[in-house]
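Asks: One predicted model, sequence on top.
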Amino acid sequence: MVCPTIPARPPTKLTLFLERLVHLITNGEYIKDILAREPGAKVAARGWVKTRRDGKGVHFVQLQDGSSAIDLQVVILAGLLPEAVLAAVTTGSSLRVEGEVVASPGPGQPVELRAEAIEVYGAADPSTYPLQKKGHTMEFLREIGHLRSRSNTFSAVFRVRNALSFAIHRFFQDNGFVYVQTPLITTLDCEGAGQMFQVTTLDLAATPKTPEGRPDFSGDFFAKPAYLTVSGQLEAEMFASAFANVYTFGPTFRAENSNTPRHLAEFWMIEPEMAFADLDDNRRLAERFLKAVLAEVMDRCRADLEFFNKRVDNTLLATLANVVENDFVHLPYAEAVRILEDAAAKGKTWEFPVSWGTDLQSEHERHLTEEVFRKPVVVTDYPTQIKAFYMRLNDDGRTVAAMDVLVPRIGEIIGGSQREERLDVLRQRIAGQGLKEEDYAWYLDLRRFGSVPHAGFGLGLERMMMYLTGMKNIRDVIPCPRTPGSAAF
């Protein structure tokens, strides 16, 4: 006899409440949620001890789990814990604390947790724990990259990075873009600069040679030279020719031996690509995108940004608001150069002299955004010789439909262009830059089979993070920085 299937009864509100209560007591809540609870609530918190101070008959522990800019103060009354357990509650140790939320008499925290039971997951020797209750230099914190995210500054940095990443995905998803994961290994140099990391399985101590004496890659893993990508743009164009609007968001690599506060060997790029779009469409998307993601992060991470405004750059919030609240200036490159040359004629000195045909440097970009217009500027129509082969040639034959979005305090934050959709012109551009047409056969096919006007841009996540936080070194806005001579952690 087959028994009939009895449909499951939906859980009642009481059942859901009891399940949540059991979960919270068993597993614990995030500190950010505990700080929002009403006095009298029974909770369990888990985290790492930042500081401990002892008073008469009472011990105060600052607990943090990374979820909040504010620590949770745990009050431990004398006699609650055995001496051996209390001795293990030290800076750097990890705890689980059960107790009651009570109103806090101290400033800066609405509630605190009065401990009723404590379990020590892992003790830390306070005499050797590197993070102490004192100021640490950024250089020292880079040396302890495995622990620096527990510090106030870096926990704030990575909360902002999380919120920024989420805001980027939200913007594109809400605007009909398809997320495409482009490859990290490539045989093409998208930027044509040659600054790429090679990927090989050959024995470097005994690399086989061709009869001409060059490395023989026929026996290598991919049977040809392969590299870590500097951009997912070319593959994004592939998918834009099928889905119209797409975006990539992933790591890219550049073997540029620049040991400066603005350069990384591994960094994350966001690259939207739009079919049926020209340079003006691209410019408008970039402006909408920047305003939307900045506004969302300013809303979600207000406490963290206020921390940076107080500790790192006291103009930070005003600078961010300036971007969100103002229309961007549109300025052709030729006009930008004229403004900069006029400034030089009136006594302004440049480290890098500017004239038509030279690329704009950070000092020029900041002059335009901070002193001339005092808001973001989009510079367009750059000289052909300073831009990549894939950018659309303008009718004047001297410039391409390229754009750079410049913002106060940092200069260029977005670079993009309308792409060259005309097969004959693109072939000429590839040949003119000394590239092999056969290497770009599939890229040229996109122009042979249903070519359309299309455009896109790139935003470096770490550059955006520097802008959002005011941090001065790009090594301090990525979890594990990769720079010349350094690949620690």
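Replies: Noted; the coordinates are in hand.
Asks: For the rest of this, base every contact and every neighbour count on C-alpha atoms.
Replies: Will do.
Asks: The strand ranked longest in the chain packs against which elements?
Replies: Secondary structure assigned by DSSP state E gives strand 42-55 as the longest strand of the chain. Other helices and strands packing on strand 42-55, by 3 or more Cα pairs under 8 Å, 6 or more residues apart in numbering; DSSP states H and E, are helix 13-27, helix 31-34, strand 58-64, strand 94-103.
Asks: do that again at 7 Å, thanks
Replies: Other helices and strands packing on strand 42-55, by 3 or more Cα pairs under 7 Å, 6 or more residues apart in numbering; DSSP states H and E, are helix 13-27, strand 58-64, strand 94-103.
Asks: Alpha carbons of the last one, in CSV - could you do that?
Replies: Spelled out, it's strand 94-103. The C-alpha trace of strand 94-103 is given here as CSV (Å, rounded to 0.1, in the frame of the first residue of the first chain):
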residue,chain,number,x,y,z
SER,A,94,38.9,34.9,20.5
LEU,A,95,35.8,34.5,22.6
ARG,A,96,32.2,33.5,22.7
VAL,A,97,30.2,35.6,25.2
GLU,A,98,26.6,34.9,26.3
GLY,A,99,24.9,37.5,28.3
GLU,A,100,22.3,40.3,28.6
VAL,A,101,22.3,43.6,26.6
VAL,A,102,22.2,46.5,29.0
ALA,A,103,22.2,50.3,28.5
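Asks: need the next SSE after that strand, C-terminal direction.
Replies: strand 111-122 (DSSP states H and E).
Asks: Take that following strand, keep the C-alpha atoms, and write them as CSV.
Replies: Coordinates of each C-alpha in strand 111-122 appear next as CSV, following Å, rounded to 0.1, in the frame of the first residue of the first chain:
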residue,chain,number,x,y,z
VAL,A,111,24.5,49.3,24.8
GLU,A,112,27.0,46.9,26.2
LEU,A,113,26.9,43.2,27.0
ARG,A,114,26.9,42.0,30.6
ALA,A,115,28.6,38.6,30.4
GLU,A,116,27.0,35.6,32.0
ALA,A,117,29.2,32.9,30.4
ILE,A,118,32.4,33.0,28.3
GLU,A,119,34.2,30.4,26.2
VAL,A,120,37.7,31.1,25.0
TYR,A,121,38.2,29.7,21.5
GLY,A,122,41.9,30.7,21.2
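Asks: Run me through the strand neighbours of that strand, direction for each.
Replies: strand 72-77 (parallel), strand 94-103 (antiparallel) (DSSP bridges).
Asks: Relative to Val400, which of the ones you listed is closest?
Replies: For these, proximity to Val400 was assessed by Cα to Cα; strand 72-77 is nearest, at 55.2 Å.
Asks: my read: Ser451 touches Glu420, true?
Replies: No: with the criterion set as Cα atoms under 7 Å, Ser451 and Glu420 do not qualify as a contacting pair; they are 9.8 Å apart.
Asks: More neighbours: which of the two?
Replies: Neighbours were counted for Ser451 and for Glu420 using other Cα atoms under 10 Å; Glu420 has more, 25 against 17.
Asks: re the thing from before, how about the strands paired with strand 111-122 in CSV, adding mean neighbour count and distance to Ile185?
Replies: Rendered in CSV, the data for the strands paired with strand 111-122 read as follows (neighbours: other Cα atoms under 10 Å; distance: least, Cα to Cα, whole Å):
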stretch, mean neighbour count, distance to Ile185
strand 72-77, 22, 45
strand 94-103, 21, 40
